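Undergrad: just a sequence and a predicted model for now, questions to come.
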Amino acid sequence: MKKPADIEAMEEKIEAFKKKEKAKKAFVKNPSSAGSAAKGFQLSVDLVSGVFVGAAIGYFLDVVFHSTPWCLVVLTVLGGIAGILNVYKSAKAEEKES
């Protein structure tokens, strides 16, 4: 008994799709690398954002109190320390997950 043409066409499409998916899986060797890149980006944003927020607040306080550049310097350093602590906490939490 011969299969209808539409069923044969559908089976050919399924086989082509399976080949394409197999080739995709062979190309992607490490699927967790995308997660690692995202985690690295998050850590860098945590570090940089602490510095920028500290610098912005310090600049604002310098303008208000006319204490140029003391608030800017002190709060930039404190923002850097806060950023480093955020990165450290995130790294420790990731280590506990692993």
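TA: Looks like it came in fine. As the structure is a computational prediction, the values presented were derived from the model and not from experiment.
Undergrad: who are the contact partners of the one residue sitting closest to the centre of the chain?
TA: Centroid-nearest residue in the chain, with C-alpha atoms, centre = their mean: Ala38, separated by 2.4 Å. By C-beta atoms under 8 Å, 6 or more residues apart in numbering, no residues touch Ala38. Glycine gets a C-beta too; all of them are placed from N, C-alpha and C.
Undergrad: output the lowest mean pLDDT helix or strand found in the chain.
TA: One helix or strand of the chain scores below all others by mean pLDDT, DSSP states H and E: helix 5-27, with a mean of 85.
Undergrad: give me the contacts around that helix.
TA: Here helix 5-27 makes contact (C-beta under 8 Å, 6+ apart) with Lys3.
Undergrad: what helix or strand is the residue nearest to the centre of the chain located in?
TA: Element membership of Ala38 [criterion: DSSP states H and E] is helix 33-65.
Undergrad: equivalent analysis for Ser67, please.
TA: Counting by DSSP H and E, no helix or strand carries Ser67.
Undergrad: for it, which non-adjacent residue is spatially closest?
TA: Leu61 (7.2 Å; C-beta to C-beta, 6 or more residues apart in numbering).
Undergrad: how much space between that neighbour and Ala55?
TA: Counting by C-beta to C-beta, to the nearest Å, the gap from Leu61 to Ala55 is 11 Å.
Undergrad: how about Asp62?
TA: 10 Å.
Undergrad: need the overlap of contacts for those two.
TA: By C-beta under 8 Å, 6+ apart, the residues touching both Asp62 and Ala55 are Leu72.
Undergrad: residues near Gly54, how many?
TA: Counted with other C-beta atoms under 10 Å, the neighbours of Gly54 add up to 23.
Undergrad: now do the contacts for it.
TA: Gly54 touches Leu75, Thr76, Val77, Leu78, Gly79, Gly80, Ala82, counting by C-beta under 8 Å, 6+ apart.
Undergrad: about what we covered before: what confidence value was assigned to the residue nearest to the centre of the chain?
TA: For Ala38, the pLDDT comes out at 84.
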